[in-house]
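> Have a look at this prediction, sequence included:
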Amino acid sequence: MNFYELNEKRQSTRKYDKDRPIEDEKLGRILEAARLSPSACNGQPYFFTLVTGEKKNEVAKACGGMGMNAFARDAYALIVISEMPYVKSALLGSKLKGNDYRSMDIGIAAMALTLAATEEGLGSCILGWFDDKEIRELCSIEGAVRLVITLGYPKDETIREKKRKSPEEIYKIIK
């Protein structure tokens, strides 16, 4: 499938086939796609922790509360994206320009990861609701947790209509 079809097909999956494991080769290709994503000064200020099995259930629980993300327990795997230090050039640039390049880079890597998952026939959902401290303890992670991504085979492969703002609300073209 081409990029535009892939982008149209990718959606946040919240119903997983909890009895269907993901093949190791697919997980490897997905992590490789994230590793190869662009980052400021090629600094890659992130770390990916792939969590499966019983530990995945504990991390999924740390992503819940107040009715949020209960579906994470049914995903086969979770990928925890944590923050790593800037390389010196990106740190200097972030201070001089007032830009948070690390968060941008993590977002780019998360997009590469979720598009790769879609290409592999998997569902994914990017979670921002979680207990940072608990996940860091569960996974022995030093850097702050910035995102958790659920991965698994979707229970329902129906592509939902995307609800997005109109083009006029999102962009303009200046010539």
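Arrived safely.
> hey, let's count contacts and neighbours off CA atoms from now on
Noted.
> Export only the CA atoms of the host helix or strand of residue 32, formatted as PDB.
For residue 32, the element it lies in under DSSP states H and E is helix 24-35. What follows is helix 24-35, C-alpha atoms only, in PDB (Å, rounded to 0.1, in the frame of the first residue of the first chain):
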ATOM      1  CA  ASP A  24       8.700 -11.200  16.600                       C
ATOM      2  CA  GLU A  25       9.700 -10.200  13.000                       C
ATOM      3  CA  LYS A  26       6.900  -7.700  12.800                       C
ATOM      4  CA  LEU A  27       7.800  -6.200  16.200                       C
ATOM      5  CA  GLY A  28      11.400  -5.900  15.000                       C
ATOM      6  CA  ARG A  29      10.400  -4.100  11.800                       C
ATOM      7  CA  ILE A  30       8.100  -1.700  13.700                       C
ATOM      8  CA  LEU A  31      10.900  -0.800  16.200                       C
ATOM      9  CA  GLU A  32      13.300  -0.400  13.300                       C
ATOM     10  CA  ALA A  33      11.000   2.000  11.600                       C
ATOM     11  CA  ALA A  34      10.900   4.100  14.800                       C
ATOM     12  CA  ARG A  35      14.700   3.900  15.100                       C
END
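> just checking, what packs against that helix?
The contact analysis (3 or more Cα pairs under 8 Å, 6 or more residues apart in numbering; DSSP states H and E) places helix 24-35 against helix 101-119.
> Could I get the buried residue list for the helix holding residue 32?
26, 27, 30, 31, 33, 34, 35 (16 or more other Cα atoms under 10 Å).
> quick check, nearest of those residues to residue 56?
Closest approach to residue 56 among the buried residues of helix 24-35 (Cα to Cα): residue 27, at 14.7 Å.
> pLDDT wise, what is the closest one at?
On the pLDDT scale, residue 27 is placed at 98.
> roughly how far apart are it and residue 50?
Noted for residue 27: a distance of 9 Å to residue 50, by Cα to Cα, to the nearest Å.
> same thing with residue 111?
In terms of Cα to Cα, residue 111 sits 16 Å off from residue 50.
> and if you look at residue 30?
Counting by Cα to Cα, the gap from residue 30 to residue 50 is 11 Å.
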